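J.: Any chance you could fold what I've pasted below:
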Amino acid sequence: MAKWGEGDPRWIVEERADAHNVNNWHWRESDATQWSKTKFRELLEGMVIEDENIGSCTLSSISCEGEASVSNRKNKIICFYEWNIKGKWKGRTKGDDKWYKGDLSIEGMSEEYSPEEVEVEVKVPKENSESKELNMMMKSLGVSLVRGKLANYLDALRNIYASQLILSPKERKPDPNTSALSQTNSDSMKSRMENLAMNDAMKRCDNKAGSVNSGIKIVTKKITMTETFMTSIGELYATLTQKDRMAAWSRSPVKHDAEVGSSAVLFDGNIEVEFTELVQDQRVAMKWRMKSWVAGHFSSVKISLEQTVDGAKLKLEQSGVPETSVEATMQGWKRYYWSAIKMTFGYGARIM
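T.: Numbering: from 1, shown residues only. Alright, predicted model coming up:
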């Protein structure tokens, strides 16, 4: 038995409030969405962009769409975020009383790109000779300064917000903006999965394709997808088959590790699976269905893993997907499997 102050630090017994996650060895996740929205407004709303030889502009009406999450795994901070930000600018040239207006757009800001690579677009409704210098100032100096603010956001996310995940439970201060969101994160994912299933069911009804399973012929399609995860095939295989990891990325209670013949119900009952083949670090095969499909109808899923220089490459082949459900099924894999796994374990994000 481990003694106080000795042995593997993962197992050292410490006095702590929750009796869990010693030295931050296991993953801990916090929803930083609301905090991020507040931070973006703090950094960009009212920001002044000025050149003493040209004029000045002020940003306003900043709005944000997207999400952010910070995880701590094996005492490493992992940031996942994706944002689209819009705003307006208003300014005038030096010695001119006329005001000029325009729009600001930041698309696709995510952990895949550095702030210098993020696309910042300045839009001018009607460019003319009077405002040409001001417009050029916004497209050069303005874009550069805005990217600087994006770098400030990322720095605060990693070093200020994320610091709460490293502290011990006694030292950690509850954040009123994020604690409620963290508690409802699982419900949010379940709700979105239910909406996806509901939309799929509505399409089937519109096509008169499945109110009763009474010998109705179901037109099906085959889908193929590939995805790369920044990890080893061993880690990815464990993530797809071990109950604790499956429960973490699916936010669903999983009773046991995957075994041939075993089954699992994920996303509040919206997905049912039965494992049919398991080859360590190579292949996972299963029967898979959405709750909205005709009762008793399962598709066949085969997931193959290959180690590449870029990470673990996953190839999915799924046959027997109802024709009306192809789009919903592909979106479900992308959003609720691939993105969720990357967000939870940092397999697609920058690791500090």
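J.: Quick check: Ile106 is in a strand.
T.: Yes: secondary structure of Ile106, determined by DSSP: H, G, I helix; E, B strand; the rest coil: located in a strand.
J.: Could you find the closest non-adjacent residue to it?
T.: Excluding its sequence neighbours, the residue lying closest to Ile106 (C-beta to C-beta, 6 or more residues apart in numbering) is Ile85, at 4.1 Å. In this view, the C-beta of every residue, glycine as well, is placed from N, C-alpha and C.
J.: residue boundaries of the strands in the stretch 151-300 of the chain?
T.: Taking DSSP state E, counting those that start in this stretch as the test, the strands found in the stretch 151-300 of the chain are 220-229, 263-266, 271-279, 283-290, 299-308.
J.: Columns distance to Lys243 and mean neighbour count on top of those, output as JSON lines?
T.: As requested, the strands of the stretch 151-300 of the chain are arranged in JSON lines below (distance: least, C-beta to C-beta, whole Å; neighbours: other C-beta atoms under 10 Å):
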{"stretch": "strand 220-229", "distance to Lys243": "19", "mean neighbour count": "16"}
{"stretch": "strand 263-266", "distance to Lys243": "8", "mean neighbour count": "18"}
{"stretch": "strand 271-279", "distance to Lys243": "12", "mean neighbour count": "17"}
{"stretch": "strand 283-290", "distance to Lys243": "14", "mean neighbour count": "20"}
{"stretch": "strand 299-308", "distance to Lys243": "17", "mean neighbour count": "17"}
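J.: my read: the residue nearest to Ile106 touches Ser63, true?
T.: Yes: with contact defined as C-beta atoms under 8 Å, Ile85 counts as touching Ser63 (7.2 Å).
J.: more neighbours, those two?
T.: With neighbours defined as other C-beta atoms under 10 Å, Ile85 and Ser63 compare such that Ile85 has more, 23 against 12.
J.: Which elements pack onto the helix or strand hosting the more buried one?
T.: Here Ile85 is covered by strand 76-93, with elements defined by DSSP states H and E. Other helices and strands packing on strand 76-93, by 3 or more C-beta pairs under 8 Å, 6 or more residues apart in numbering; DSSP states H and E, are helix 33-44, strand 55-73, strand 100-110, helix 132-137, helix 339-345.
J.: Go through the fourth one and flag the buried ones.
T.: Judged by neighbour count (16 or more other C-beta atoms under 10 Å), helix 132-137 contains these buried residues: 134-137.
J.: List just the nearest of those to Gly261.
T.: Asn135 (66.2 Å; C-beta to C-beta).
J.: Test for you: state the pLDDT assigned to the closest one.
T.: Here the pLDDT value assigned to Asn135 is 84.
J.: which residue sits closest to it in space, ignoring its chain neighbours?
T.: Using C-beta to C-beta, 6+ apart, the nearest residue to Asn135 is Val124, at 4.9 Å.
J.: give me the number of residues near that neighbour?
T.: Close neighbours of Val124, defined as other C-beta under 10 Å, add up to 18.
J.: Quick check: Ser263 vs Gly320, distance?
T.: From Ser263 over to Gly320 the distance is 17 Å, taken as C-beta to C-beta, to the nearest Å.
J.: Mind splitting this protein into its structural domains?
T.: When the chain is parsed into structural domains using automatic domain parsing, the resulting residue ranges are 28-166, 183-345.
J.: who does Met225 bridge with?
T.: Applying DSSP bridges to Met225 gives these bridge partners: Leu316.
J.: these two touch, right, it and Leu316?
T.: Yes: assessed by C-beta under 8 Å, Met225 is found in contact with Leu316 at 4.5 Å.
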